[in-house]
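Peer 1: give me a 3D structure for the following:
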Amino acid sequence: MLAMQDGPEYRRQRLQIMQAFRLEDVAATIAPRSAELAGRIVAGAAAGIDAIEDLLTRVPTLLCRDITHRCSRPEALSRNGRSR
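Peer 2: Predicted coordinates:
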């Protein structure tokens with residue numbers, strides 16, 4: 001979504017995200033949990049990480065699972081022995 005151009009698909013996805021996360025939840029819940037998840041991934045990656053797959057894809061997917069249980073793409077979880 002970060003790299004998407006404004007258009008119908010972008011707006012549809014943005015609406016879904018806005019329904020799942022209240023703006024006030026970002027600082028209170030989402031940012032700290034994102035930092036925790038990313039820290040665990042980096043700490044556990046002795047052989048290095050793929051920043052796109054292991055952080056930019058996996059962290060939001062885990063947030064969906066942990067916070068809202070509304071993630072529609074569980075296959076977006078990382079390789080590296082983690083659920084796919």
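Peer 1: now the element after the helix-or-strand element of the chain with minimal mean pLDDT, going C-ward?
Peer 2: Of all helical and strand segments in the chain, the minimum by mean pLDDT, DSSP states H and E falls on helix 23-25, at a mean of 81. Where DSSP states H and E defines the elements, the next helix or strand beyond helix 23-25 is helix 31-43.
Peer 1: helices and strands around that next one, which ones?
Peer 2: helix 58-63 (3 or more C-beta pairs under 8 Å, 6 or more residues apart in numbering; DSSP states H and E). Placement of C-beta: from N, CA and C, glycine included.
Peer 1: what distance separates the helix it packs on from the middle of the whole chain?
Peer 2: 3 Å (C-alpha atoms, centre = their mean, to the nearest Å).
Peer 1: then that helix to PDB, C-alphas only?
Peer 2: What follows is helix 58-63, C-alpha atoms only, in PDB (Å, rounded to 0.1, in the frame of the first residue of the first chain):
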ATOM      1  CA  ARG A  58       5.700  -9.900   7.900                       C
ATOM      2  CA  VAL A  59       5.300  -7.200  10.600                       C
ATOM      3  CA  PRO A  60       1.900  -5.900   9.200                       C
ATOM      4  CA  THR A  61       0.700  -9.400   8.700                       C
ATOM      5  CA  LEU A  62       1.600 -10.300  12.300                       C
ATOM      6  CA  LEU A  63      -0.100  -7.100  13.500                       C
END
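Peer 1: which residues of the chain score low on pLDDT?
Peer 2: 1-2, 67-84 (pLDDT under 70).
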